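*Asks:* When you get a sec, could you give me coordinates for this:
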Amino acid sequence: MIETGRFLFDRMLGSLCRRMRLLGFDSVIIPESETGRFLINAGRENRLAVTLATRESDRPGKPPLVLGSRELDGQVLELLECFREPPPLQPFTRCLDCNSVLAEIGRDEARGRVPDKITGIFSEFMECPRCRKVFWKGSHYEDMLKEVREIESMLNNRKKGG
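*Replies:* The predicted structure is shown next:
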């Protein structure tokens, strides 16, 4: 069982890292130059190391969580089911690119940073304070919301034993 919602993923799990960010979890990928220090970095940063590679367990540091599933949805479920208490999902709160917590900004602040038609249609915007990317609830939002609801549904079905 795990207690932290902070993850360090190896380079094979980029899609899982992005999906966990979508769900609101503090998730980073080990930099390529640091792959040999994967477990040490995870411990130093108080993160759970997550990998598909069983060979990682023979390296210095706390053993990683080695996922068995090769499918993205299965990996998400496997990871979330390792918590002592099911964590609340906080979708759309982190930057999908750099992991920073997003901050709400007004339409005026978004103007000039997104296409003009977007500020004419949408009124709610979120900004990444690190990479300065601006997000809004456009067509991609609906697709991502569908992914979140599917994950919530899978988690609920597992809790019920289904």
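*Asks:* residues making contact with the longest helix seen in the chain?
*Replies:* Within the chain, and with DSSP state H defining each element, the longest helix by residue count is helix 139-159. Outside helix 139-159, the residues that touch it by C-beta atoms under 8 Å, 6 or more residues apart in numbering are R19, L22, L23, D73, V76, L77, L80, E81, P86, L89, P91, F92. Glycine gets a C-beta too; all of them are placed from N, C-alpha and C.
*Asks:* all strands for this structure, in order.
*Replies:* 6-9, 26-29, 48-51, 65-66, 103-105, 125-127, 134-136 (DSSP state E).
*Asks:* In TSV: these, plus mean pLDDT and distance to I151.
*Replies:* Formatted as TSV, the strands of the chain follow (pLDDT from 0 to 100; distance: least, C-beta to C-beta, whole Å):
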stretch	mean pLDDT	distance to I151
strand 6-9	95	16
strand 26-29	96	14
strand 48-51	93	16
strand 65-66	92	18
strand 103-105	97	24
strand 125-127	97	20
strand 134-136	96	19
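*Asks:* Could you dump these into TSV and include mean neighbour count and distance to K117?
*Replies:* Formatted as TSV, the strands of the chain follow (neighbours: other C-beta atoms under 10 Å; distance: least, C-beta to C-beta, whole Å):
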stretch	mean neighbour count	distance to K117
strand 6-9	24	36
strand 26-29	20	32
strand 48-51	24	40
strand 65-66	16	44
strand 103-105	12	18
strand 125-127	20	14
strand 134-136	17	11
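*Asks:* Out of those, flag the one nearest I118.
*Replies:* Distance to I118, taken as C-beta to C-beta, is lowest for strand 134-136 among the strands of the chain, at 6.1 Å.
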